[in-house]
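Undergrad: Below are the sequence and a predicted model for it; my questions follow.
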Amino acid sequence: MGWLSLASLRTRLLLLVFLAAIPALGLTLYTNLEERQLRKALVQEHAMRLSRLVSGGYERLIEGSQQLLVSLARLPAVRDLNRAACNALFADLLLRHSSYANLGVIDADGNVFCSALPITDQVYLGDRVYFRRAFETRDFAIGEYQVGRITRKATVNFGYPVLDDAGHVRAVVFAALDLAWLNELARQAGLPPGTMLTVIDRKGTILSRYPDEGRWVGELMPEPLVLNAILTQQGNGTTDAPGTDGIPRLFSFAPFGGAAQSADAYVSVGIPAAVAFAGVNQILARNIATLGLVAGLALAAAWVGGNLFIVRQIQTLVGATKRVAAGELGVRTGLPQGQGELSQLAGAFDQMAESLELAHERSLLEEDLRRKNYQLEQQNLAIQEANRLKSEFVSMVSHELRTPLTSIQGYSDLLLEDKRISEAQRESLSAVKKNSDRLLGLINDLLDLSRMEAGRLDLHRASLDLARLIPEVASSLRLLIETKRQRLRLDLGEALPAVWADADRVTQILTNLISNAHKYTLVEGSITVAARRDDGFVRVDVSDTGIGLSPEDQAQLFTKFFRAHDRSLQASGGTGLGLVITRLLVELRGGRITVSSAPGQGSTFSFTLPVLEVSA
């Protein structure tokens, strides 16, 4: 199963095709999510239309009920409170008006006086809202949604007062509107299969439920998630929840019979999720199937095409390579030559094999050359190791020698101050002091170089006035320069800007360059230090009229321990580290150092320092 390994070219080609299909899959899923959101909005809009339909039918029934009750209140059987005639009349009317569950009259004490439905015991309805409102306002009144005490059905009752000649309320005629008309409305609405339509009052009690007619009337709505959403939002909304049958549904609800915040009832439509999203799911399944088919075809094309145009040629090249590696230099790939990359690779391989074959007779010489190269590499490694050990040794020795040298200098100074020593002893001590100073300078140079190369040199940058610093450094070296009767001239231009640098290290740079110019300039020669602004930098030039440098010496001037080829320059002494340290100090400050020289024409060392940026 090596062809299934991730290292296999076939597997990588298939993986690339698979990765290319991922964005398309992501776009498909995102589009499906947007379609589902749109479908939710359509379901909610459908519930709103149904709510408006229910409200419209409800208003028409209210108007018809008012007209009916006004007419009944004027009939003699009702005004005279003739029980027998009233019962017969209302029973006949109930047969003609199937939308009502009952018709009747309530006397002034709140007891049912007559009813279209027969009653055996006294029924008290004086606590009903419609009775109290009609009695108090002496006008048409609408009650709350309720389950009737006589009908045992979900109804909404209407009342109208029956007045005597003096205008006093003698009784209230009522009509109980059967909410079963909502089920008929649901059947006519053409709801999708499995849809559940529920009407609840503002307390959550079921007034009508389709298709479970009569089973849940009067009970609390059995879907707690939906009920909580309705009573909490008190308006339009949607929620996902399972129905009593365990089928996931998308419930959409809306108020009717009043404003959203004061509605007496709510219509809830629960459409099975499988039905609500059937079209969306079909589109998703079709898109995924299409994407899978396209991806499968692409994978098959990658497999077949990759094997035909890439893998076989690679395998041929690998086989030829292994045979050449085994020593068969006459092997050729046999692949056709062309412009393609693999064809070019095969041609290059054949040319390589031909070259190897032609060079076979020189194998002994090449073997000897390789052996010598190996010896040189080992010697080079040994030299690199020796250099590393030398650097470590120099650093360690420098640290170890600094303390005793400091002690030697201190004791030399003390002894030289003693007036009892002889002149010969004083000369010897002076030699000791001079050599110890020179050795300490070398040690300090080595330590500075080591710290700079390791990046451990501390810099204390600040605003620095070169127009003040350069004269100070020149003044400190003036006695040294006068020993060879040389002339030191300063040319500092006008209004030099401040630079951003470490004063001690810039002093060290200037001291090194001026001392170097003094060392290689003949007696009564001249040294010039000039400073000018130069495009965001200050350029300092240290020029002399000394013996100059050849191009070969200039190329190696800033390397460690370099000594000039000119014997007169070598005789001047020095450690070969001063200019190396100077270059590193300049570059650490973001500047550059250059040299311009010619034998017998003096030298000019130039370095730059960045100008201090002043924020506006």
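TA: Sure thing, it's come through. Quick caveat: nothing in here was measured; it's all calculated off a predicted structure.
Undergrad: those strands in the stretch 451-600 of the chain, which residues are they?
TA: Per DSSP state E, counting those that start in this stretch, the stretch 451-600 of the chain has strands spanning 462-464, 487-491, 499-501, 526-533, 537-544, 593-597. These are given in chain order.
Undergrad: how close does P211 sit to E357?
TA: 91 Å (Cβ to Cβ, to the nearest Å). All C-beta spots, glycine's among them, are computed from the backbone N, C-alpha and C.
Undergrad: Oops, could you answer that again for L284 instead?
TA: Taking Cβ to Cβ, one finds L284 at 63 Å from E357.
Undergrad: the more surrounded of those two?
TA: L284 (18 against 15; other Cβ atoms under 10 Å).
Undergrad: who wins for proximity to R52 among the strands of the stretch 451-600 of the chain?
TA: For the strands of the stretch 451-600 of the chain, the distance to R52 is smallest for strand 499-501, at 78.9 Å, taking Cβ to Cβ.
Undergrad: give me the number of residues near F537?
TA: 18.
Undergrad: and it, bridged to which residues?
TA: Taking DSSP bridges, one finds P610 as the beta-bridge partners of F537.
Undergrad: what pLDDT does the nearest residue to S463 once chain neighbours are set aside get?
TA: Nearest non-adjacent residue to S463, counting by Cβ to Cβ, 6 or more residues apart in numbering: A498, 4.7 Å away. On pLDDT, A498 comes in at 87.
Undergrad: can I assume A498 is in contact with P610?
TA: No - between A498 and P610 there is no contact under Cβ atoms under 8 Å: 10.4 Å.
Undergrad: would CSV of the strands of the stretch 451-600 of the chain with distance to G194 be doable?
TA: Below are these laid out as CSV (distance: least, Cβ to Cβ, whole Å):
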stretch, distance to G194
strand 462-464, 84
strand 487-491, 101
strand 499-501, 81
strand 526-533, 89
strand 537-544, 84
strand 593-597, 89
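Undergrad: between those strands, which one is nearest to L365?
TA: strand 593-597 (45.4 Å).
Undergrad: residues of the closest one that come out buried?
TA: 593, 595, 597 (16 or more other Cβ atoms under 10 Å).
Undergrad: got a list of what the residue nearest to S463 touches?
TA: Counting by Cβ atoms under 8 Å, 6 or more residues apart in numbering, A498 makes contact with 463-466, 611-612.
Undergrad: Kindly report the same for V199.
TA: Contacts of V199 by Cβ under 8 Å, 6+ apart are 54, 179, 182, 206-209, 265-268.
Undergrad: in the chain, what secondary structure element scores lowest on mean pLDDT?
TA: Least confident element among the helices and strands of the chain, by mean pLDDT, DSSP states H and E: helix 567-570 (a mean of 49).
Undergrad: chain center to stretch 25-39, what's the gap?
TA: 24 Å (Cα atoms, centre = their mean, to the nearest Å).
Undergrad: pLDDT value on the closest residue to L490 other than its chain neighbours, please?
TA: Counting by Cβ to Cβ, 6+ apart, L490 lies nearest to V529, which is 5.3 Å off, once chain neighbours are set aside. Confidence at V529, expressed as pLDDT, is 93.
Undergrad: For burial, what's the neighbour tally of V529?
TA: For V529, using other Cβ under 10 Å, the count is 21.
Undergrad: rewinding a little: so which of the strands of the stretch 451-600 of the chain gets nearest I119?
TA: Of all those, strand 499-501 sits nearest to I119, with 107.6 Å by Cβ to Cβ.
Undergrad: residue ranges of the helices in the stretch 1-150 of the chain, please?
TA: With DSSP state H, counting those that start in this stretch, the ranges of helices along the stretch 1-150 of the chain come out as 9-73, 76-79, 83-96, 129-137.
Undergrad: And the shortest one, what does it pack against?
TA: Taking 3 or more Cβ pairs under 8 Å, 6 or more residues apart in numbering; DSSP states H and E as the contact definition, the neighbouring helices and strands of helix 76-79 are helix 83-96, strand 169-178.
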